[in-house]
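Student: Turn this into a model:
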Amino acid sequence: MRKIVVYTLLSLDGVAESPDEFFADWDGAMDANLAAVIETQDAVVLGRRSYDEWARFWPESKIEPFATFINGVTKYVATSTPLDGGWDHATAIDGDLVGFVRELKQQPGGDIGVHASITVAQALLAADVVDELRLVTAPRIAARGRRLLDGLPPIRLEVIHSETSPTGYLLVDYRVVH
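Tutor: Have a look, this model is predicted:
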């Protein structure tokens, strides 16, 4: 069975919204961490807002390795409206997000990533569909913005891997205990 892997950039106080406001010192360890996350993924689930923002940015981006990955990977978008064309390999999810993802997990393939989509990640975490959380936590307090873990039920996690990057970011991978 495929794994659902949520990869999120956070501030120390758990804010996931607008990470460009508190991520300033990207380093080689963070690049290697991201490369390890995406190398096992062959599909991504995005929320509509993330899709719209990313469809304007990533097709022309030269930021590697993520640009090549996100432009080439199959993207499933949680939305109730048709997608505006233009970004390759993107499909709107027809119907229930959680049911769709549960069915997708049963199909052959690699890991399924959830990137930059707070509402999608929260819905899948609340439904106990997520298998791993891979978090990069900035040594900054954002003090405002949507937090990834707000409103969720209790969830037990086990640390799979942790390290501190040279610029002080915490890279922690958790397994969700089902």
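Student: Distance of Ser18 relative to Asp111?
Tutor: Distance, Ser18 to Asp111, using CB to CB, to the nearest Å: 26 Å. For the C-beta atoms, the positions are set from N, CA and C on the backbone; glycine is no exception.
Student: ok, now Phe66?
Tutor: 15 Å.
Student: higher neighbour count, Ser18 and Asp111?
Tutor: Taking other CB atoms under 10 Å, Ser18 and Asp111 do not tie; Asp111 has more neighbours (19 against 14).
Student: Could you list everything the more buried one pairs with in the sheet?
Tutor: Beta bridges link Asp111 to Gln41 when assigned by DSSP bridges.
Student: check contacts around it.
Tutor: Listed by CB atoms under 8 Å, 6 or more residues apart in numbering, the contact partners of Asp111 are Arg2, Lys3, Ile4, Val5, Thr40, Gln41, Asp42.
Student: The closest residue to Tyr51 other than its chain neighbours - how many residues pack around it?
Tutor: Excluding the flanking residues, the one nearest Tyr51 by CB to CB, 6 or more residues apart in numbering is Val77, at 4.6 Å. Using other CB under 10 Å, Val77 is surrounded by 22 other residues.
Student: my guess is Val77 meets Ala43, correct?
Tutor: No: with contact defined as CB atoms under 8 Å, Val77 does not count as touching Ala43 (11.6 Å).
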